[in-house]
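Model the following, please.
(one chain, ligands or ions: 1)
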Amino acid sequence: MIVFKKAADLIAYLTSKKAEGEIIHFVPTMGALHQGHQSLVSLAKKASGITVCSIFVNPTQFNDTKDFEKYPITIAEDIEALDEVGCDVLFLPSVDEIYPKGTKQQATFDFGYLETVLEGAHRPGHFKGVGQVVARLLEIVAPDKMYLGQKDYQQCMVLKKLLELIGKKETIQIITAPTIREADGLAMSSRNRRLSIPQRTLAGLLYQCLISIQAKQHNESFDIVKKECLDLLKSKNLEPEYIALVHADTLEILHEFDAAIPMVALIASKVGEVRLIDNLLLNP
Ligand code: AMP
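Prediction:
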């Protein structure tokens with residue numbers, strides 16, 4: 001795997017590869033890699049071409065300074081994890097390389113409704129930061145395909161919108177990959193490393209809630225199932241931020257199950273100091 005730290009060097013390398021007719025696959029990450037990230041690289045590697053992974057902990061998308069400061073950084077292990085799945089290129093830029101004019105000087109995108117609900121409502125400014133960094137990474141990597149995890153459902157929708165806003169909808173294809181889970185169903189996440197052993201056990205309840213929503217969708221009202229889940233989480237001292245049912249294509253908030261439309265259930269909860277999110281398609 002070739003590691004690039006400078007945008008100009010990566011651009012020169014990829015330009016030569018594109019001239020040779022190579023397709024560029026791109027997997028943006030914030031590092032502390034796990035099997036979820038590896039699954040995206042493996043998916044990209046199934047097609048021919050050059051697979052580029054980026055690791056950049058983007059300061060502009062953290063609305064909580066503590067979360068940013070405590071974000072795990074494990075570069076040596078990440079390089080091993082990427083080598084294991086045959087990643088071709090790692091882009092490991094500094095903040096200055098991504099934001100040469102400073103973090104405050106970035107273009108901001110208007111994602112409309114998509115940034116006002118769920119994660120957008122609970123993490124003000126988060127999607128503006130995500131938009132800034134991904135727009136910049138796309139400018140540098142200029143991929144044909146970008147691989148995203150369904151784990152961050154709302155982020156996938158925001159980034160589809162970003163492609164529209166930057167006029168790249170026709171040239172960059174987004175490929176969304178399924179959420180990779182631990183044995184108890186907990187969605188793999190870089191933040192899981194920050195959980196104590198008892199917290200790690202309790203964190204499995206997030207998935208249990210989603211499974212119970214999915215199982216009860218045909219014979220219970222959403223409000224009742226939601227309350228059962230919130231009560232369960234609170235009884236174990238977790239701090240749920242939201243449990244929501246939305247239209248899978250639009251993120252429109254639904255108040256009741258409706259088998260006629262595609263639905264996704266989403267959950268966000270603090271487990272101790274660590275904030276976790278997850279989701280499940282109810283009628284895929
Ligand atoms: P992150 O490093 O958390 O910014 O994630 C980088 C990419 O990996 C995003 O597209 C995430 O949605 C994806 N990802 C994170 N966790 C998982 C997982 N458990 N399964 C599949 N993809 C994931």
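
Only C-alpha atoms from now on, for both contacts and neighbour counts.
OK.

The ligand contacts on the stretch 1-150 of the chain?
Neighbours of the ligand within the stretch 1-150 of the chain, by C-alpha under 6 Å from any ligand atom: 28-31, 36-37, 148-150.

Now the buried members of the residues you listed.
28, 30-31, 36-37, 148-150 (16 or more other C-alpha atoms under 10 Å).

So which of those residues are in strands?
Those of these mapping onto strands are 28, 148-149, per DSSP state E.

Let me know the closest of the residues of the stretch 1-150 of the chain next to the ligand to residue 64.
residue 30 (15.8 Å; C-alpha to C-alpha).

Mind picking the two most distant members of the residues of the stretch 1-150 of the chain next to the ligand?
31 and 150 (17.1 Å).

Show me which positions of the lowest-mean-pLDDT helix or strand in the chain end up buried.
Here the helix or strand of the chain ranked lowest by mean pLDDT, DSSP states H and E is helix 65-69, holding a mean of 93. With burial defined by 16+ other C-alpha under 10 Å, not one residue of helix 65-69 is counted as buried.

repeat for stretch 210-221
210-211, 213-214, 217.

which of the residues you listed lies closest to residue 257?
Closest to residue 257, out of all of these and judged by C-alpha to C-alpha, is residue 217, at 6.1 Å.

Check the gap between the closest one and residue 191 for me.
30 Å (C-alpha to C-alpha, to the nearest Å).

what does stretch 192-203 rub up against?
Under the criterion C-alpha atoms under 8 Å, 6 or more residues apart in numbering, residues 72, 186, 236, 271-272, 274 lie in contact with stretch 192-203.

Dump these to TSV, plus distance to residue 227 and secondary structure.
Shown next, in TSV, are the contacts of stretch 192-203 (distance: C-alpha to C-alpha, whole Å; DSSP: H, G, I helix; E, B strand; the rest coil):
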residue	distance to residue 227	secondary structure
72	33	coil
186	21	coil
236	14	coil
271	18	strand
272	21	coil
274	22	strand
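
can you redo these as JSON lines with neighbour count and pLDDT?
Below are the contacts of stretch 192-203 laid out as JSON lines (neighbours: other C-alpha atoms under 10 Å; pLDDT from 0 to 100):
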{"residue": "72", "neighbour count": "18", "pLDDT": "95"}
{"residue": "186", "neighbour count": "23", "pLDDT": "98"}
{"residue": "236", "neighbour count": "12", "pLDDT": "98"}
{"residue": "271", "neighbour count": "23", "pLDDT": "98"}
{"residue": "272", "neighbour count": "15", "pLDDT": "97"}
{"residue": "274", "neighbour count": "17", "pLDDT": "97"}
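
list the contacts for the residue lying closest to residue 126 once chain neighbours are set aside?
Residue nearest to residue 126 in three dimensions, not counting chain neighbours: residue 61, with 4.5 Å by C-alpha to C-alpha, 6 or more residues apart in numbering. Residues near residue 61 by C-alpha under 8 Å, 6+ apart: 125-130.
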